[in-house]
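> Return a 3D structure for these sequence lines:
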Amino acid sequence: MRFHNYYDGELRYEDGRLQTQKNDSRYHGYGLESIREAVANYNGAVAHDITENEFTLNILIPIVK
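Presented below is the predicted three-dimensional model:
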């Protein structure tokens, strides 16, 4: 799965983790961590790429038959 999202401004990292741009960070900023944990439960992989004003999230989940 691939998701593209436009953003305005500058993305910030803290301790290697992407930080929220929301004003009230108490209720925001755990989305990527939750996605990573859910995908890991299915032995998948998550990667993101940042280009000028576009954030791309790539999720790979193997299909086991």
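> Going along the chain, name the helices of the chain.
Counting by DSSP state H, the chain has helices at residues 31-40.
> What's opposite residue 6 in the beta bridge?
Partner residues in beta bridges with residue 6, using DSSP bridges, are residue 54.
> Model confidence for it, exactly?
Reported pLDDT at residue 6 in the predicted model: 87.
> Could you check how many residues crowd around it?
As a burial measure, residue 6 scores 7 neighbours (other CB atoms under 10 Å). Quick note: C-beta positions are derived from backbone N, CA and C, even for glycine.
> I'd assumed residue 51 was in contact with it.
No: using CB atoms under 8 Å as the test, residue 6 is too far from residue 51 to be in contact (10.7 Å).
> so who does the residue nearest in space to the middle of the chain touch?
Closest to where the C-alpha atoms of the chain average out (CA atoms, centre = their mean) is residue 32, at 3.9 Å. Remark: with contacts taken as CB atoms under 8 Å, 6 or more residues apart in numbering, residue 32 is in contact with 17-18, 46, 48, 57.
> which among those residues end up buried?
Among those, the ones that count as buried by 16 or more other CB atoms under 10 Å are 18, 46, 57.
> Quick one: the residues you listed as CSV, columns for pLDDT too.
Converted to CSV, the buried ones among the contacts of residue 32 look like this (pLDDT from 0 to 100):
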residue, pLDDT
18, 71
46, 95
57, 92
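> got a markdown table for these, with distance to residue 65 too?
Output for the buried ones among the contacts of residue 32, formatted as a markdown table (distance: CB to CB, whole Å):
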| residue | distance to residue 65 |
| --- | --- |
| 18 | 34 |
| 46 | 23 |
| 57 | 26 |
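> Next step: those residues restricted to strands.
Filtering those for membership in strands, criterion DSSP state E, returns 18, 46, 57.
> Next one: the residue lying closest to the last one once chain neighbours are set aside from residue 55, what distance?
The spatially closest residue to residue 57, leaving aside those adjacent along the chain, is residue 3, at 4.5 Å (CB to CB, 6 or more residues apart in numbering). Taking CB to CB, to the nearest Å as the measure, residue 3 and residue 55 are separated by 8 Å.
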